[in-house]
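J.: Sequence unavailable; structure follows:
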């Protein structure tokens with residue numbers, strides 16, 4: 001095995017040359033079979049090549065996160081506007097109607113919770129493949145903490161799931177999590193995303209970084225979807241989504257920046273305009289404000305009608 005890369009030559013990710021795509025619209029996935037491509041075509045819009053994922057898997061470690069206290073009330077109305085739902089199997093079974101036609105990326109790792117200071121670091125495969133198949137899941141998601149004390153265990157979980165995914169034609173999404181020995185920068189995410197892809201991951205979820213994200217995306221031979229992360233002001237979140245797409249991301253997986261927004265439905269529609277219609281941050285934010293005003297007006301009219309009816 002060669003030693004560490006000590007070359008002083010500047011790395012070249014050829015960001016001016018698009019990734020080759022032959023028989024399939026997503027990069028790096030030409031060689032997979034029909035079932036795998038069919039599932040990926042449900043997750044990603046074949047026309048834009050992108051996806052808007054709605055993340056609400058927080059509860060598997062954090063419990064009732066703000067905005068997720070009642071999934072049937074806060075998440076169900078957002079489902080029509082997402083391309084793919086990122087959730088745990090319990091939430092899917094209990095709160096999402098079974099006639100939902102959206103793709104599902106199921107959280108398949110489990111382990112410690114917020115009560116443990118090493119939350120996410122020491123996880124296991126938490127879902128049997130038979131249950132994944134039984135629930136007609138589109139994609140399996142697993143945490144991969146490169147640089148953590150339990151790095152080997154994380155990678156072992158991941159490759160086992162990749163083997164199962166390849167056996168049954170179900171894509172595996174590797175979710176990067178920052179180990180304590182690494183910083184949230186281009187170097188770390190370039191390393192983590194490439195390792196996940198090299199070990200067989202069909203797609204990767206990671207974070208956007210202002211400095212060098214284009215190199216991170218170019219250096220990863222499979223599609224990258226960015227995580228929304230902590231709640232940001234709406235225009236900032238839309239700007240982040242825009243920059244990520246422009247610099248090579250194949251989609252966004254937004255959670256708190258949608259369900260904690262002042263108007264979640266307006267926000268996810270604005271995100272869609274960025275991801276699928278190439279809207280600029282200013283255009284998307286203007287759309288958000290217009291939709292927010294329309295929704296507030298409609299809610300006010302409905303409330304007034306209910307009050308009048310009650311008085312009668």
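T.: That came in fine, so what should we check first? Note that the structure is a prediction, hence the values are computed from the model and not measured.

J.: From the structure, what's the count of residues near residue 259?
T.: 23 (other C-beta atoms under 10 Å). Yep, even glycine has a C-beta here, placed from its N, CA and C like the rest.

J.: do the same with residue 147
T.: Residue 147: 17 neighbours (other C-beta under 10 Å).

J.: Report the secondary structure state of it.
T.: coil (DSSP: H, G, I helix; E, B strand; the rest coil).

J.: For it, give me the pLDDT.
T.: With respect to pLDDT, residue 147 scores 86.

J.: Same check on residue 134?
T.: pLDDT at residue 134 comes out at 96.

J.: State the number of residues packed around it.
T.: Residues near residue 134, counting by other C-beta under 10 Å: 10.

J.: In the stretch 151-300 of the chain, where is pLDDT below threshold?
T.: Scanning the stretch 151-300 of the chain for pLDDT under 70 picks out 178-182.

J.: Which helix or strand contains the residue nearest in space to the middle of the chain?
T.: Computing the C-alpha centroid of the chain and ranking residues by C-alpha atoms, centre = their mean puts residue 253 first, at 3.1 Å. Residue 253 belongs to strand 251-254 when assigned by DSSP states H and E.

J.: Now do that strand: distance to the chain's middle.
T.: Remark: strand 251-254 is offset 5 Å from the chain centroid, using C-alpha atoms, centre = their mean, to the nearest Å.

J.: How about the backbone phi and psi for residue 291?
T.: phi -70, psi -40 (degrees, to the nearest 10).

J.: thinking it is in contact with residue 269, fair?
T.: Yes. Here residue 291 reaches residue 269: they are 5.9 Å apart, a contact under C-beta atoms under 8 Å.

J.: excluding its backbone neighbours, what's nearest the residue nearest to the centre of the chain?
T.: Ranked by C-beta to C-beta, 6 or more residues apart in numbering and with sequence neighbours excluded, the top spatial neighbour of residue 253 is residue 53, at 3.8 Å.

J.: Look up how far residue 299 lies from residue 112.
T.: 40 Å (C-beta to C-beta, to the nearest Å).

J.: Repeat that for residue 239.
T.: 27 Å.

J.: if you count what's nearby, which of those two comes out ahead?
T.: Each of residue 239 and residue 299 has its neighbours counted (other C-beta under 10 Å); residue 239 has more, 18 against 11.

J.: show me what contacts the more buried one?
T.: Contact analysis of residue 239 by C-beta atoms under 8 Å, 6 or more residues apart in numbering lists residue 281.

J.: do the same with residue 126
T.: Contacts of residue 126 by C-beta under 8 Å, 6+ apart are 107, 108, 109, 110, 111.

J.: what about the helices in the stretch 101-250 of the chain?
T.: For the stretch 101-250 of the chain, applying DSSP state H, counting those that start in this stretch gives helices covering 129-134, 151-168, 186-198, 213-219, 234-246.

J.: and the fourth one, what does it pack onto?
T.: In this structure, helix 213-219 makes packing contacts with helix 186-198, judged by 3 or more C-beta pairs under 8 Å, 6 or more residues apart in numbering; DSSP states H and E.

J.: How about stretch 122-136, which residues are buried there?
T.: 123, 125, 126, 127, 129, 132 (16 or more other C-beta atoms under 10 Å).

J.: roughly how far is it from the heart of the chain?
T.: Distance, centroid of stretch 122-136 to centroid of chain: 18 Å (C-alpha atoms, centre = their mean).

J.: And for stretch 15-29?
T.: The answer for stretch 15-29 is 20 Å, by C-alpha atoms, centre = their mean.

J.: gap between the two ends of it?
T.: End-to-end distance for stretch 15-29: 19 Å, by C-alpha to C-alpha, to the nearest Å.

J.: Just to check, residue 91 is in contact with residue 71?
T.: Yes. Contact criterion C-beta under 8 Å: residue 91 and residue 71 qualify, at 5.7 Å.

J.: Report the set of residues contacting both of those two.
T.: residue 56.

J.: just to revisit the earlier point, out of the buried residues of stretch 122-136, who's nearest residue 140?
T.: residue 132 (6.0 Å; C-beta to C-beta).

J.: Next one: the closest one from residue 292, what distance?
T.: Taken as C-beta to C-beta, the span from residue 132 to residue 292 is 37 Å.
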